[in-house]
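K.L.:
Predicted structure and sequence below. I'll ask about it afterward.
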Amino acid sequence: MLAIRLPQDIENRLEALAQRTGRTKTFYAREAIVEHLDDLEDLYLAESRLQALRRGEEQTVSLDDMMKRYDLAD
């Protein structure tokens, strides 16, 4: 179970959308979370990897090396 407080203007918009479409506010809140969760996870993973790279804890691989490794070179 999740309870969230929204700014009044967002709550009003959500309520209006729910009334216009016959769906619940919960439906739209769930849809918004599901839609953006993958993006947020990707962002935090990328930031984490970038920090590790800057600390010298990660190595990069060039595109040419990757292509050769998987026998995709021309």
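P.N.:
Arrived safely.
K.L.:
and the residue positioned nearest the centre of the chain, how far is that from Arg23?
P.N.:
The geometric centre of the chain, computed from its C-alpha atoms, lies nearest to Asp39 (CA atoms, centre = their mean), at 1.4 Å. Separation of Asp39 from Arg23 (CB to CB, to the nearest Å): 23 Å. Bear in mind the C-beta positions are built from the backbone N, C-alpha and C, glycine included.
K.L.:
before we move on, what about Leu17?
P.N.:
Leu17 is 8 Å from Arg23, by CB to CB.
K.L.:
What backbone torsions are found at Pro7?
P.N.:
Torsion angles at Pro7 (phi, psi; degrees, to the nearest 10) stand at phi -60, psi 150.
K.L.:
sorry, back to before: helices or strands up against the helix or strand that contains the residue nearest to the centre of the chain?
P.N.:
For Asp39, the host element (DSSP states H and E) is helix 25-54. Here helix 25-54 touches helix 8-21, going by 3 or more CB pairs under 8 Å, 6 or more residues apart in numbering; DSSP states H and E.
K.L.:
Quick check: mean pLDDT of the helix it packs on?
P.N.:
Helix 8-21 shows a mean pLDDT of 97.
K.L.:
quick one, that helix and helix 25-54 angle?
P.N.:
130 degrees (axes from the mean of the first three to the mean of the last three CA atoms, to 10 degrees).
K.L.:
now for helix 8-21, which elements pack on it?
P.N.:
Partner elements for helix 8-21 (3+ CB pairs under 8 Å, 6+ apart): helix 25-54.
K.L.:
Pull the distance from the helix it packs on to the chain's centre.
P.N.:
3 Å (CA atoms, centre = their mean, to the nearest Å).
K.L.:
which outside residues touch the very next helix or strand once past that helix?
P.N.:
Heading C-terminal from helix 25-54, the first helix or strand you meet, by DSSP H and E, is helix 63-69. Contacts to helix 63-69, defined as CB atoms under 8 Å, 6 or more residues apart in numbering, come from residues 61, 72-73.
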